[in-house]
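Chemist: What follows is a predicted structure for the sequence shown.
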Amino acid sequence: MAKNQTPLTFALLAMALGCLSLGALTLRAEAGATALGAGSTQLPQFLAMMEQDLPLPLSVQGRRVLLENCEMALQATSPLALRFATDAQQAMVGPFCRALSEEVVAAAPTDAYAWLVLAMSQIRSGETDEASRSIVWSGLTGRNESWIAQQRFDLVQDHYAEISPAARAVGDADTVLLVPSSRGAVVARRYVLDEAFRQRAEQLIEAQPEDVQRRFVSLIRRQL
């Protein structure tokens with residue numbers, strides 16, 4: 001009887017060790033993401049973390065930190081820290097951030113910010129159809145979150161000619177949402193600098209209540 005139990009015992013021990021190893025990796029990923037923080041000064045640590053094969057942090061906070069670093073790294077104007085990264089690290093940014101955001105939206109389909117970061121990574125790789133769908137999902141799941149709308153607005157306007165009509169409509173809705181908010185200066189700045197956007201913005205704002213129109217004019221004057 002003892003002989004028959006030996007293989008089972010070893011199998012159970014192996015499973016236990018596997019669970020412990022996975023748990024240690026998860027804790028390491030969680031601790032690393034939490035300690036990392038976000039911001040341009042944290043990008044070197046983020047780039048180094050990308051090279052480690054760690055599981056997705058379980059907490060919302062841990063995932064958000066990684067997504068924030070991805071968003072910064074994927075911006076059209078690369079942060080200074082990214083310009084000093086190795087060629088290998090720069091090449092890893094797009095695939096890493098895409099895989100990360102895909103994992104997050106698979107685990108939390110209503111995470112509008114993760115959909116936005118996924119769209120940014122898809123734009124980076126030239127997949128505009130996929131990016132358009134991700135922008136639409138970001139708009140559907142985070143329609144009234146102005147901090148996400150601000151980043152989504154910039155992404156849509158930067159790639160307006162390339163994305164689908166549905167994705168453009170998300171950018172139009174973000175324009176209308178942002179103008180009366182504390183982030184309205186972002187729209188006014190774009191209006192001053194981007195002639196193509198200027199024509200679209202005028203049509204959108206003219207359809208808004210008079211107080212919103214007055215606010216927009218005031219925001220534009222501050223940019224001049």
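Modeler: Alright, I've got the coordinates. Numbering: from 1, shown residues only.

Chemist: need the contact list for Leu178.
Modeler: Contacts for Leu178 (C-beta atoms under 8 Å, 6 or more residues apart in numbering) come out as Ser146, Ala149, Gln150, Phe153, Gly184, Val186, Val187. For the C-beta atoms, the positions are set from N, CA and C on the backbone; glycine is no exception.

Chemist: how far away is the fourth one from Ser121?
Modeler: Phe153 sits at a distance of 18 Å from Ser121 (criterion: C-beta to C-beta, to the nearest Å).

Chemist: May I see the buried residues of stretch 209-224?
Modeler: Going by neighbour count (16 or more other C-beta atoms under 10 Å), the buried part of stretch 209-224 is Arg215, Phe216, Leu219, Ile220.

Chemist: mind listing the helices for the protein?
Modeler: Taking DSSP state H as the test, the helices found in the chain are 2-36, 43-50, 60-73, 80-83, 87-107, 112-124, 128-141, 146-158, 165-178, 184-193, 195-206, 210-223.

Chemist: With mean pLDDT as new columns, can those be given to me in CSV?
Modeler: Putting the helices of the chain into CSV (pLDDT from 0 to 100) gives the following:
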stretch, mean pLDDT
helix 2-36, 41
helix 43-50, 76
helix 60-73, 86
helix 80-83, 67
helix 87-107, 89
helix 112-124, 97
helix 128-141, 98
helix 146-158, 97
helix 165-178, 98
helix 184-193, 97
helix 195-206, 95
helix 210-223, 97
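
Chemist: Point out the most buried one among these.
Modeler: helix 112-124 (a mean of 26; mean count of other C-beta atoms under 10 Å).

Chemist: How many residues are close by Ala161?
Modeler: 8 (other C-beta atoms under 10 Å).

Chemist: Torsion angles phi and psi at it?
Modeler: phi -70, psi -20 (degrees, to the nearest 10).
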